[in-house]
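>>> Can you look at this prediction? I've put the sequence above it.
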Amino acid sequence: MDDLKTPSAANRGQLVDAVIRLSSHLRTLSFAHAAELATEKLNDDIDSQVQALKTHDARPLTAEHRTQLTAAGLDLWNWGTRERRRVDSDGSVPPGTGKFFCLVRLLSFSMLVLARQTDDHSQRSILHLEQLAIKTTRTCIATKEIESGLWALQKAVEYNGRLQPPQGSPSGNGSLTSSQFEVKCSTLRVAWKGDRMDVADHVYGKLESLVPNIDAVSAEKTADALFEIGRDLAQKKNLALAGKWLERAYELINALELGQLSRDAIELRLAISQTLIQVYLEIGGPDYMSRAENHIAYVESELGDKLIVLLFRTELLLRSPNETFDSEAYADIIRRMMRSIDMTESSFNLLIHHIRKLDVRNRPAAISVLDDFFLPNILGSQQEQWIDKAIMLRTYIATRDGPPEFVQGLEVVLDKVLPCMGKPLPVNAAVGMHTLIWKKADADFSQGEFCSAAKWYNLALHPALEQSGPSNLGEILQAMNDDTLKEPMTAYLAFRVALKQEDADSALRCLNQISETSSTGSECLYACCLEAQQVQDKITTIKALQLIVHKRRSHLSSSIHLPALLRVLIRLEVSVLTDEKESNREKEGMVEDLCNIFKAAADEIQKERRDCKSDKLFTVEELDWFCKNAYNLGLEKTMIWDARHIISMLECCLSILPSYPPDIPAQKANDNSLRAMFCNFMAATVLLALARSNDNTESRLQDYLDMRSHDDLKSIVLKAKAGQSLSAYQAMADCILRCESVPPQVLYQTMRDLINQIWALENFGNEKLAKYMRCLLKVTLPMEHGIPLNLIDEISSKKQFPFMELEWITITAFNHGVDLFGLHEDELSKAWISHALTIAHYLPDGGELERQLQEKHTKLKWDDVPAAQARGGSI
């Protein structure tokens, strides 16, 4: 390729030969491969040949050289055009393609210029060269080869001048006018690229005279050139000049009839309008705002609610002063955006951006739009990042200085979270909201706005925020010291936080603070009861009710029915004691509390309080309820509760009975008398058992002394004789059998007295008597030997007892004798076995049980106790 490097030679034909060889070599390559080989050295070689051709004199060239040069030039031009189209259609343009293509066109065009410089002056040939010159100029401008483009443009102007008719002759050739127009446009582009806007302005002045005579295609091309100039000036922020050139482009394209416009021309007109709108908005001022409004209306008529149109609308509104800003129109545009675009990450961020802009101008309008946007679009999307951003913006707007309605509005939004999402807000959103809410509440509280702070604290406990975790709620709770809790509403909110954290100690602390700071009212305490009840925290509910009872006893109110309050508290405490799910720790002290509530009720009853109508607060029905429940609890819990709690319940029942009015029905009076008698009997029984089991002498003496206040058991039984009540005797028997640690002799003698009284009243038969004797025998067996032995001796004479009862007594007596035999109590053993054999002898079973007992009895070796123990003798 060394011979290709020389731009000229002594022989003028050498240049032509070298250029033809270079063009032939380039055409053997694919365009993409040739572009890859187009290094700086090769580009310089091609440019050297171009420069040589530009300055070469065509006169010494032979006709053969001209023909060869023309053919090679056309072949190279066509090859470059085809290959460039193919590369563009493939979509992968190698680097350096543009410059290489420009050099190829310059080389081919300069070859044709030299070949046709002197031999062809036909109009057709000149028109062809003019068109090639214009295309070469465009290519040079596109690749910023301004100097080469200027040379090609000069050639186009030269050829266009040759095509013009002589001055004064008519011109009817439309193609010449179009060609002249294109040359002017190319000149315009070169002047623009060369930053000679004065020249470009001068050229445009000449173009205007040609506009009436050009076709639609040329007009579109010229408008495109004017648009490019205006857009470039706008990017360089030369707004006034950009507006001028864009207006020229719009006037030119708009002068054409709609039917004359191609699809590209319609899109060009929209692009011109959009760029003009941007320029007008940036310039500002009433006149330019009006122009922008007109163009926006045109674009909107063409595109409808497209995003670009709506964005122009928002920009136009934002340019207006604050005093004339139409926030409702801006909000309406944002809503139109929501309806017209698909929700993506970019569209979400765009909407959030404009909502923030609206918030600066009109916060209520921004809140309204955000609620419309957040609820249907964001919550349903389940996109946690979007939910996080939207709810944080909503909270941020609401927590800035504003009216109390902002709290309520935010609460309405949170109320719809669970129905829309089916779950609370994500952790990040909940934590972020808590942070903003806490800052707002803290600021309000520090400024003495306690009511507002309370509302914010209350909002922080919303179920939709439950995933924020206990640490955030704990932060609120820890910040509330005793001084802070002096405000009842604040303490109430702290109580709710403690409930949510299941912090029983903090909840009780808040309850106590509410009770102390609320002088007379109990509204906050009642609210605490409801809150604790909703979370099924019975213990905390009981504590709150106890405080209410204490406060109500000191400050009675017509709005509070104390008996009902006491009944609710008693029922709740009893339910805790009987609920197996409740832990023993929670039940500790509950029995003592229950006894204290009954004592409080008894004290209030004795005070004979009256309501606002001067009626007794505790009616007969109320007396019945408290009296019977104290009695029943004392009876039912005899074997479960501590003995002193049983005594306390019985004494409460006894203290209520005297408060009944004297005119109650005789049957009720009789029932009360029996209940009092039984309570005394039961209390005396329990106190006797306590005294017998107490090692402390002083306490034991006190128990005996207290027992005397209830009479001794024998006296009570004798008093009951006057009432002739079978149920009383049966209840007494049941009571003394339930009590532990009752002295054996007392138990035995009292039971005998009760059985005798029952016998005297009922005159029952042997069957029922046998049952009583069996029960008494079972109770007395573990006692002193003389007591059960006397009883079995008495039973032995009752031959008329039912078979089943006698069989049980016989077997029990025999087994007890065998047990005594094993304990070396031979005499007692023989006595019990003898009684068993005696009873068995009279059983109507054909002597079967007696025979079995005799067999067992004969196996007992009275002189060999260990052997007897080894064999065993019980049946």
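Perfect, I can see it now. Numbering: from 1, shown residues only.
>>> can you pull out the helices in the stretch 451-600 of the chain?
For the stretch 451-600 of the chain, the helices defined by DSSP state H, counting those that start in this stretch occupy 470-478, 488-501, 504-517, 523-534, 538-554, 562-578, 584-587, 590-606.
>>> Could you list every helix and strand that the last one packs against?
For helix 590-606, the helices and strands in contact under the criterion 3 or more CB pairs under 8 Å, 6 or more residues apart in numbering; DSSP states H and E are helix 538-554, helix 562-578, helix 620-636, helix 643-656. From N, CA and C alone the C-beta is placed, and that goes for glycine too.
>>> now, of the ones you listed, which is deepest in the fold?
Looking across the helices and strands packed on helix 590-606 with neighbours counted as mean count of other CB atoms under 10 Å, the highest average goes to helix 643-656: a mean of 23.
>>> Figure out how far that helix is from the centre of its chain.
How far helix 643-656 lies from its chain's middle: 53 Å, per CA atoms, centre = their mean, to the nearest Å.
>>> contact partners of that helix?
591-592, 595, 598-599, 601-602, 605-606, 623, 626-627, 630-631, 633-634, 637-638, 675-676, 679-680, 682-683, 686-687, 689-690, 706 (CB atoms under 8 Å, 6 or more residues apart in numbering).
>>> Could you tell me which of those count as buried?
Neighbour counting by 16 or more other CB atoms under 10 Å classes 591, 595, 598-599, 601-602, 605, 623, 626-627, 630-631, 633-634, 637-638, 675-676, 679-680, 682-683, 686-687, 689-690, 706 among the contacts of helix 643-656 as buried.
>>> Read off the pLDDT value for the most centrally placed residue in the chain.
Nearest residue to the geometric centre of the chain (CA atoms, centre = their mean): Leu425, 1.3 Å. pLDDT for Leu425: 83.
>>> pLDDT value on Tyr631, please?
On pLDDT, Tyr631 comes in at 90.
>>> Would you check that Asp793 makes contact with His835?
Yes. Between Asp793 and His835 a contact is recorded at 6.6 Å, counting by CB atoms under 8 Å.
>>> out of the two, which sits in the more crowded spot?
Just comparing Asp793 and His835: by other CB atoms under 10 Å the higher neighbour count belongs to His835, 21 against 13.
>>> right, and that one touches Ile792 too?
Yes. Between His835 and Ile792 there is a contact under CB under 8 Å: 4.9 Å.
>>> shared neighbours of the two, which are they?
Common neighbours of His835 and Ile792 (criterion: CB under 8 Å, 6+ apart): Ala813.
>>> hang on, the earlier thing: figure out which of the helices of the stretch 451-600 of the chain is closest to Met111.
For the helices of the stretch 451-600 of the chain, the distance to Met111 is smallest for helix 470-478, at 81.2 Å, taking CB to CB.
>>> Strands of the stretch 601-750 of the chain, residue ranges please.
Per DSSP state E, counting those that start in this stretch, the stretch 601-750 of the chain carries no strands over any range.
>>> Quick check: which ranges of it have low pLDDT?
Along the stretch 601-750 of the chain, the parts satisfying pLDDT under 70 run over 695, 704, 707-731, 733-747.
>>> how about a markdown table for the helices of the stretch 451-600 of the chain, with distance to Arg335 added?
Formatted as a markdown table, the helices of the stretch 451-600 of the chain follow (distance: least, CB to CB, whole Å):
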| stretch | distance to Arg335 |
| --- | --- |
| helix 470-478 | 34 |
| helix 488-501 | 37 |
| helix 504-517 | 45 |
| helix 523-534 | 39 |
| helix 538-554 | 47 |
| helix 562-578 | 52 |
| helix 584-587 | 55 |
| helix 590-606 | 60 |
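>>> so which of those comes closest to His824?
helix 584-587 (44.0 Å).
>>> Helix, strand or coil: sort out Asp305 for me.
Assigned with DSSP: H, G, I helix; E, B strand; the rest coil, Asp305 falls in the coil class.
>>> avg pLDDT for stretch 466-485?
Across stretch 466-485, the average pLDDT comes to 59.
>>> Would you mind listing where the stretch 351-500 of the chain has pLDDT under the threshold?
For the stretch 351-500 of the chain, the ranges with pLDDT under 70 are 468-485, 487, 489-490.
>>> tally of neighbours for Leu393?
19.
>>> Let me see the backbone angles for it.
With angles defined as degrees, to the nearest 10, Leu393 sits at phi -60, psi -40.
>>> wait, isn't it in contact with His354?
No. Checked against CB under 8 Å, the pair Leu393 and His354 is beyond contact range at 11.7 Å.
>>> check contacts around the residue nearest to the centre of the chain.
Ile387, Ile391, Leu414, Val417, Met433, Ala464, Leu465, Gln467.
>>> gap between it and Met392?
According to CB to CB, to the nearest Å, Leu425 stands 10 Å off from Met392.
>>> so what sits against both of those two?
Common contacts of Leu425 and Met392, defined by CB under 8 Å, 6+ apart, comprise Met433.
>>> can you pull the pLDDT of Thr177?
For Thr177, the pLDDT comes out at 52.
>>> Next: Ser874.
Confidence at Ser874, expressed as pLDDT, is 55.
>>> that older thread, for the residue nearest to the centre of the chain, helix, strand, or coil?
What three-state DSSP gives for Leu425 is coil.
>>> Phi and psi next, for it.
Backbone torsions of Leu425, given as degrees, to the nearest 10, read phi -60, psi 150.
>>> likewise Gln447?
Per degrees, to the nearest 10, the backbone of Gln447 is at phi -90, psi 10.
>>> That one: neighbouring residues, count only.
Gln447 has 10 neighbours, counted by other CB under 10 Å.
>>> Check the gap between it and Ile542 for me.
Distance of Gln447 to Ile542, computed by CB to CB: 37 Å.
>>> Equivalent analysis for Asn428, please.
For Asn428, the distance to Ile542 equals 38 Å [CB to CB].
>>> And the contacts of the helix or strand harbouring Glu827?
Glu827 is located in helix 826-841, with elements delineated by DSSP states H and E. Residues outside helix 826-841 that contact it (CB under 8 Å, 6+ apart): 785, 789, 792-793, 795-796, 806, 809-811, 813-814, 816-818, 820-821, 847, 849-850, 853-854, 857, 862.
>>> pLDDT value on Tyr330, please?
The score at Tyr330 is 91. That number is its pLDDT.
>>> Dump stretch 593-612 to CSV, keeping only the CA atoms.
Output of stretch 593-612 as CSV, limited to C-alpha atoms (Å, rounded to 0.1, in the frame of the first residue of the first chain):
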residue,chain,number,x,y,z
ASP,A,593,-58.3,-10.0,98.3
LEU,A,594,-61.7,-11.8,97.9
CYS,A,595,-62.2,-11.9,101.6
ASN,A,596,-61.4,-8.2,101.8
ILE,A,597,-63.9,-7.4,99.1
PHE,A,598,-66.6,-9.3,101.1
LYS,A,599,-65.6,-7.4,104.3
ALA,A,600,-65.9,-4.1,102.4
ALA,A,601,-69.3,-5.1,101.2
ALA,A,602,-70.3,-6.1,104.7
ASP,A,603,-69.0,-2.7,106.0
GLU,A,604,-70.9,-0.8,103.3
ILE,A,605,-74.1,-2.8,104.2
GLN,A,606,-73.8,-2.0,107.8
LYS,A,607,-73.5,1.7,107.0
GLU,A,608,-76.9,1.6,105.4
ARG,A,609,-75.9,3.9,102.6
ARG,A,610,-78.7,5.4,100.4
ASP,A,611,-78.9,6.5,96.8
CYS,A,612,-80.0,9.9,95.4
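>>> so of the contacts of Leu425, which ones are in strands?
Using DSSP state E, no member of the contacts of Leu425 falls in strands.
>>> Neighbour count and distance to Phe374 for the residues you listed - can I get that in TSV?
TSV is the format used below for those (neighbours: other CB atoms under 10 Å; distance: CB to CB, whole Å):
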residue	neighbour count	distance to Phe374
Ile387	20	8
Ile391	27	7
Leu414	19	11
Val417	23	10
Met433	28	13
Ala464	22	13
Leu465	23	15
Gln467	16	18
